[in-house]
Every structure is written in C-alpha cells, then in structure tokens.
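[1] mind looking at a prediction? Sequence and model below.
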Amino acid sequence: MGHDTQNETPAGTPAGKGAGKPRDTARDRQMGTALRSVYQQTVEEAVPDEFLALLGKLD
C-alpha cells in the first residue's frame, strides 16, 4: 500500500493554521483582561435563593 501524505507538513513547517505566529498583541491582551474581569465577576456573584432552595431539596 502507498504512504498517506495527506496530513503531513514539510520538514520545519509548523502544523496547523497560524501556528508559530506570535499572538501577544494589544488587542489580545485587552480581550484577556476583559475575559478575566467577567469571569471574576461571575465567581463573586451570589447564588440565587431559588437555586439554593432547589439544591436543598436534593438531600
């Protein structure tokens, strides 16, 4: 049988779309900061009483 070369890349060529490109741009840093902020706000948010009541019924 023949050798399947469909998923191979030439030697020294990074695999995958955009591989090897630096991604530390100002836009990326702003997006990371925004995502961390939203995540932190979500973590700090109180659990609604209705959810706590439902969880209490699981015992």
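    On my side now, so go ahead. Numbers count the residues shown, from 1 in each chain.

[2] which residue ranges of the protein form helices?
    Remark: helices assigned in the chain by DSSP state H are 26-44, 49-56.

[3] redo those helices as CSV? Include mean neighbour count.
    All C-beta atoms are positioned from the backbone trio N, CA, C, and that covers glycine. Converted to CSV, the helices of the chain look like this (neighbours: other C-beta atoms under 10 Å):
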stretch, mean neighbour count
helix 26-44, 9
helix 49-56, 9
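
[4] dump those into CSV; add mean pLDDT as well.
    As requested, the helices of the chain are exported to CSV (pLDDT from 0 to 100):
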stretch, mean pLDDT
helix 26-44, 96
helix 49-56, 95
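
[5] please save the CA atoms from stretch 43-50 in PDB.
    Output of stretch 43-50 as PDB, limited to C-alpha atoms (Å, rounded to 0.1, in the frame of the first residue of the first chain):
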ATOM      1  CA  VAL A  43     -17.300  33.900  40.500                       C
ATOM      2  CA  GLU A  44     -18.100  36.600  43.100                       C
ATOM      3  CA  GLU A  45     -21.800  36.700  42.200                       C
ATOM      4  CA  ALA A  46     -24.200  35.300  44.800                       C
ATOM      5  CA  VAL A  47     -26.100  32.100  44.200                       C
ATOM      6  CA  PRO A  48     -29.800  33.000  43.800                       C
ATOM      7  CA  ASP A  49     -32.100  31.800  46.600                       C
ATOM      8  CA  GLU A  50     -34.200  29.800  44.200                       C
END
